[in-house]
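pasting a predicted model and its sequence here:
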Amino acid sequence: MNPDLNSQLILLLPEMIIAFFAMFVLVLDLYFKDKEKNLVYGLSQLALLFAAISTAIQGFEIKVLAFNGMFISDSISTYLKLLAYISMSLVFTYSRTYLKARLLLKGEYFSLSLFVLLGVMLMISSMNLLMIYMGLELLSLSLYALVALDRDNPKASEAAMKYFVLGALASGLLLYGMSMLYGLTGSLDLLIIANALQEIPIDQSILVFGLVFIVVGIAFKFGAAPFQMWVPDVYQGAPLPITMLIGSVPKFAAVAMSIRLLFQGLETLSSEWQQMFLFMALLSMLIGNITAIAQTNIKRMLAYSTISHVGFIFLGLMSGSVNGASAILFYIACYALMTLAAFGLIIALSANGKDFELLDDFKGLNKRNPWAAAIFLITMLSLAGIPPTVGFYAKFSILESIVSAGYIWPAVFAVMMALIGMYYYLRIIKLMYFDEAPKLIVINIPKSLLWVLTINTGSIILLGIFPKTLMSIAAITAGFGLQS
Amino acid sequence: MQANSILSLAIWVPIFFGGLLLFSSKLCKPKTAEYLSLFAGMVSFFVTLPIVVNFDLTTAQFQFQEFAHWILPYRINYHLGVDGFSVPLILLTSFMTLVVIISNTRKSIPSSKSKGGIQKNIGLYNGAFLIMSGLMIGVFTSLDAILYYIFWEAMLIPMFLIIGIWGGPNRVYATIKFFLYTVLGSLLMLVAFIYLYMQTGSFSLFDFYKIPLTLNTQFLIFMAFFMAFAVKIPMWPVHTWLPDAHVEAPTGGSIILAAIMLKLGGYSFIRFAMPIATDAAIYLKPFIIGLSLVSIVYIALIALVQKDMKKLIAYSSISHMGFVTLGLFLLTPLGVEGGYIQMISHGFISAALFLCVGILYDQSHTRDIDRYGGVINKMPLFTAFAVFFAMANAGLPGTSGFVGEFLVILASAQSNFWIAFLASLTLLVGAAYSLWMIKRVFYGEVTNKLVDNLKDIGLRETVVLGSLACLVIVVGVYPAIISDITNVTADQFIQSMSFSKVIK
């Protein structure tokens, strides 16, 4: 199981590429006074491409532990990393024009974003509590800085502060839980912990105590109720592209972390954490969907919508089965696609003018830019989970996994919450199509951006009509990854 | 054309043309879009004709089946097929879509002062109807639960937009209510489907039919289905979305809503709820019949006091659809046959009535019964049609409205006199509200300037209303034209309902 150093390093190649480019970009930016940041932008995208290639050649059918079980390369890591590259690449593409117009397009943006990605990748591949924590801190610290990117904006600074304080608290809680687990089992390695839990008689009350802290840490990073307080504020305060980043890429890490910790490390405790996740899932859907209705700010509304989607993801986690894991992996891919399309469009609309911040800004969008309205229509329908969009299958696969695990009433509750959720998505459609704009100003979106958005949205429909491939990949990924 | 892909054609041809028309507002002139949609409507209608021509009347098996694997991880298949219950409804769908498209054309509306909205985006408008038509045919032909569900839900999107964009002043409220109400039921249905999938290991309807279930489970599944279909039909007390949606919807939207969308509920009862949860259906029979009777009588009384013509017809629709559920749940051949004919007949009559109101509204921009009077003096030809359809709505013998209601009342008399008595009350009330409306709107002297300015209908409307009138009479005089198709299937349906599915 332990290959020699060279082949161990090759497994780490994607991480090394991203780490190298993250630093290289930072230094290079100092020497080129390029306002357009073409070089830096191109290099960042190139880094993603290289990383994607080196990840893809590892393939889906491997399961190798490296560096004494610290690092794992398996189907789950390949799948989630590839999704993370694609999302990051889309984030860069959508954000560029917007940031340039606001003089925020700095080398640091690219460098920090790549560090976020590095943190995500490390978390995805870690099989050790310390590695998980390290990846998490790298990810979080870079994000705090990114939220404060627009440092003269008091709102952004406030959001960064809030994010930092609460994030640090959550990291502390997570660490505390991990320390208890270490104290009880004598190891930080998830596989050893899993074995120890099965074999050694351990004081249950301390174990569950530690578990609670770990679960709280996970819930906080996901932004699940009742630990959702930071989400709306950070979403609203951060500059739009950073909000998009927070809403998409770190979610892969959170999914990986919870699958590794819960399914692979603490599986023996499933009866304990299932209860907690069920409670948080139902609460997230309730709070997320109902509070979203009251929002007037699009970013806040999407923040609450995220909370409700996290509720759905937690339902999948709660089922604790391979089926559930495959549903989550499918869900997170669809979710990222939809979030990116939604934020991408808001960014594109705001790129060369005032921010589209309030819901009322969307009034009469159909008259002002029909194509953009159509894109947003499809995205909203997909977020609401209405066929034939991919959002339907995302919800469907989660529902299937929990019904098959015997949880019928949570499923009924979930669909009722989804129904409430439809209201605020439909309201956006109403604003765009049924209402008149106060001033009929045509909004132009850069052609290239529109194309990317169209492809992004097209894939929502296309995957909605032919979800088979992605579903199969997710199922295979979960099957291979969770095989012991 | 291959004989075994005619169902796919019936679904995808209108959707294809609809998709094309969505882009037409940018690419070509409204006139071209108009001709294109007319052509598309014709083609979409003609591709459904082979289904009825080649239909084998002697078997209750599903015909023209098409099968392809679609989403393998969940064993969801693209599985289509029709039996006697689907064929007439498919034809009704494509025919009504054509009617709507013809009635949408520019010439039918002399004063285009009104909103001009529909005319400006005629391509978009007709495109939405064509897409909806394809999706509805998809619902009528799906033999896979998830495929069915996708068509069922996707269909809401064009209707949501049609009411929301081209509707009346209170359209936003109406369309969101319509959407959420309908989705409420269907989401529960989805959970039921997933549960059945866990039991059978596939989403195939045939497997669902075979699976034995405990009475308790059947009860829950039936209620989940009931929520979905009762909202759609709609049955009292979940009917409140319908009057709002009808009043605010543009004429075409009202026609499709009344003529076809409501039928989806009735059809789905026969296709899903009753055969899958057989014992629960039998067990709950008195409950459903009770609700149907409330729909029939109470809603008819509400119709009597309406001031708005569209609202009146909307309530009368609910009342008439009560006959459908009543007939189906009597679980006798006569009842099912009657309920089914009532569905088709109501499709023609309600559509025609909404069209009539639409014609009046386009000229005078009001639907208040009080604002009219003496329309006959200005629009004699139109009045003839309107009176005819109102009489058919009241169940005049010789029209299709009579056949369905009569058969259902006959069937209920076989089981219980009081059911028949209550149901037949509607013949009385129905005649009252229909004729009273006719009297107030059409007869008498010309009361005001509004009516004085009305012009009689032209050739286009005459053809549309005339063909609908012919159909009403044909089905009324010779109902076998429909019952021949449904007979064998209905017999088999009744037979299958007599086997218990409870796990022993």
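That came through, no problem. Residues are numbered from 1 along each chain as shown, chains lettered A, B, ... in the order given.

mean confidence score for the stretch of helix or strand residue A:398 belongs to?
Here residue A:398 sits within helix A:390-404, counting by DSSP states H and E. Average pLDDT, helix A:390-404: 88.

near chain B, which residues of chain A show up?
Residues of chain A lying close to chain B by Cβ under 8 Å from any Cβ of the partner chain are A:370, A:381, A:386-388, A:392-393, A:396-397, A:399-400, A:403-404, A:408, A:411-412, A:415-416, A:418-419, A:422-423, A:426-427, A:429-430, A:433-435, A:466-468, A:471-472, A:475. Yep, even glycine has a C-beta here, placed from its N, CA and C like the rest.

show me how to select, in ChimeraX, the buried members of the residues you listed.
Selecting only the buried entries of the residues of chain A next to chain B in ChimeraX, with 16 or more other Cβ atoms under 10 Å in any protein chain shown as the criterion:
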select /A:381,386,387,388,392,393,396,397,399,400,403,404,408,411,412,415,416,418,419,422,423,426,427,429,430,433,434,435,467,468,471,475
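
of the residues of chain A next to chain B, which belong to helices?
Under the assignment DSSP state H, the residues of chain A next to chain B contribute A:370, A:381, A:392-393, A:396-397, A:399-400, A:403-404, A:408, A:411-412, A:415-416, A:418-419, A:422-423, A:426-427, A:429, A:468, A:471-472, A:475 to helices.

all helices for the stretch 251-400 of chain B, in order.
B:251-256, B:262-268, B:274-276, B:278-283, B:285-304, B:309-330, B:333-364, B:375-378, B:380-393, B:400-415 (DSSP state H, counting those that start in this stretch).

indicate which one of the ones you listed is closest to chain A.
With Cβ to the nearest Cβ as the measure, helix B:251-256 is the member of the helices of the stretch 251-400 of chain B nearest chain A (13.8 Å).

let me know the pLDDT of residue 423.
No chain was given, so I picked chain A. What the model reports for residue A:423 is a pLDDT of 87.

that answer is for a different chain, and I need it for chain B
82.

and what of residue A:314?
For residue A:314, the pLDDT comes out at 90.

next: residue A:280.
Confidence at residue A:280, expressed as pLDDT, is 91.

and the helix or strand harbouring it, what other elements does it pack with?
If you go by DSSP H and E, residue A:280 is part of helix A:270-293. Helix A:270-293 is packed against helix A:204-222, helix A:298-319, helix A:408-429, with contacts defined by 3 or more Cβ pairs under 8 Å, 6 or more residues apart in numbering or on different chains; DSSP states H and E.

could you look up the SS state of the residue in the stretch 1-150 of chain B that chain A sits nearest to?
The stretch 1-150 of chain B approaches chain A most closely through residue B:150 (4.1 Å), counting by Cβ to the nearest Cβ. When classified by DSSP: H, G, I helix; E, B strand; the rest coil, residue B:150 comes out as helix.

and it, how many residues sit next to it?
Residues within reach of residue B:150, counting by other Cβ atoms under 10 Å in any protein chain shown, total 24.

next one: residue A:347
For residue A:347, using other Cβ under 10 Å, the count is 28.

residues of the biggest helix by length in chain A that come out buried?
Criterion DSSP H: the longest helix present in chain A is helix A:154-185. The neighbour-count check on helix A:154-185 (16+ other Cβ under 10 Å) flags A:156, A:158-160, A:162-164, A:166-167, A:170-171, A:173-178, A:180-181, A:184-185 as buried.

and the residue nearest the centre of the chain?
Since no chain was named, I'll use chain A. For chain A, the residue nearest the mean C-alpha position is residue A:251 (2.0 Å; Cα atoms, centre = their mean).

shouldn't that residue be in contact with residue A:334?
No. Applying Cβ atoms under 8 Å as the test, residue A:251 and residue A:334 come out as separate, 11.5 Å apart.

pull the contacting residues for residue B:502.
Residue B:502 sits next to B:212, B:213, B:214, B:215, B:218, B:279 when contact means Cβ atoms under 8 Å, 6 or more residues apart in numbering or on different chains.

in PyMOL, select just the buried ones from the residues you listed.
In PyMOL, this line selects whichever of the contacts of residue B:502 come out buried by 16+ other Cβ under 10 Å:
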select buried, chain B and resi 213+218+279
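
what's the farthest-apart pair in the contacts of residue B:502?
B:212 and B:215 (10.6 Å; Cβ to Cβ).

pLDDT below threshold where in chain A?
Residue ranges of chain A with pLDDT under 70: A:1-3, A:484.

please name the nearest non-neighbouring residue to the residue nearest to the centre of chain A.
Nearest residue to residue A:251 in three dimensions, chain neighbours excluded: residue A:332, at 6.0 Å (Cβ to Cβ, 6 or more residues apart in numbering or on different chains).
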